[in-house]
Structure formats: C-alpha cells, structure tokens
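In: what would the 3D arrangement of this be:
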Amino acid sequence: MEVMNASMISVSSYSCYCIDGYTGIQCQTNWDECWSGPCQNGGTCIDGVAYYNCTCPDGFTAIVVRVTTADYITGFLILFNIITTQLHTRIQTANEKRQT
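Out: Down below sits the predicted model:
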C-alpha cells in the first residue's frame with residue numbers, strides 16, 4: 001500500500017499525518033481549498049496545494065491565500081461548535097415543550 005504526501009507514519013497502527021493541502025487515508029487527495037467559495041465580488045477560485053488564488057473581475061484585486069492544517073482544524077471546530085449549539089438548543093426546546 002503506497003502512502004503519499006505524508007509527513008509521518010505510525011507503522012504499528014498505520015496512521016498517516018498528511019502534509020498541508022492533502023487529506024485521505026493515505027494522504028492521496030488534494031484538499032479543495034475552494035470548496036467554500038472564498039472569493040467575493042464575482043471572483044473565480046483557483047485551487048492549489050495548500051493555497052487558493054482568486055481571479056477577479058475588472059475593478060477588484062485579490063491575494064494568494066495559504067491554508068494550513070491549523071486552518072482546517074479551526075474551521076472544523078467552528079462548525080462543530082455551531083452544530084452542537086444548535087443540537088443543544090433543539091433538545092432544550094423539545095424538553096421545554098414536553099414539560100408544558
């Protein structure tokens with residue numbers, strides 16, 4: 001089994017720690033940094049490895065944005081907090097309705 005784009009491999013349990021920009025069991029997939037549509041004002045996102053670039057219509061400018069593993073983790077934690085907060089609110093509301 002070939003492992004690509006991995007910075008560390010734990011052989012005893014077969015764990016890959018992917019370098020920035022890659023994901024998957026064997027770090028074989030380039031993460032799409034454009035998935036969230038980060039470009040504004042009608043710009044087009046161009047995906048790279050651990051970065052994206054926006055091409056902009058006339059009158060607008062863009063910068064190249066580097067994305068790190070910490071950014072992925074931060075994004076996941078924000079999404080996790082939103083989901084758990086919404087779930088907690090729904091459970092609390094359901095319990096209040098049952099009590100009345």
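In: quick one: contacts of stretch 53-66?
Out: Under the contact criterion CB atoms under 8 Å, 6 or more residues apart in numbering, stretch 53-66 has outside partners 33, 38-46, 50-52. The C-beta positions use only the backbone N, C-alpha and C, and glycine is treated the same way.
In: out of those residues, which end up buried?
Out: Among these, those classed as buried by 16 or more other CB atoms under 10 Å are 33, 39, 43, 45, 50, 52.
In: can you name the two of those residues that are farthest apart?
Out: Taking CB to CB as the measure, the buried ones among the contacts of stretch 53-66 reach their widest spread between Gly43 and Ala50, a distance of 19.4 Å.
In: thinking again about what came up before, with distance to Ile19, secondary structure and pLDDT added, can I get the contacts of stretch 53-66 in a markdown table?
Out: Formatted as a markdown table, the entries for the contacts of stretch 53-66 read as follows, by distance: CB to CB, whole Å; DSSP: H, G, I helix; E, B strand; the rest coil; pLDDT from 0 to 100:
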| residue | distance to Ile19 | secondary structure | pLDDT |
| --- | --- | --- | --- |
| Glu33 | 14 | coil | 84 |
| Pro38 | 21 | coil | 85 |
| Cys39 | 24 | coil | 85 |
| Gln40 | 28 | coil | 84 |
| Asn41 | 32 | coil | 84 |
| Gly42 | 32 | coil | 87 |
| Gly43 | 27 | coil | 86 |
| Thr44 | 26 | strand | 90 |
| Cys45 | 21 | strand | 89 |
| Ile46 | 20 | strand | 88 |
| Ala50 | 8 | coil | 83 |
| Tyr51 | 13 | strand | 81 |
| Tyr52 | 17 | strand | 83 |
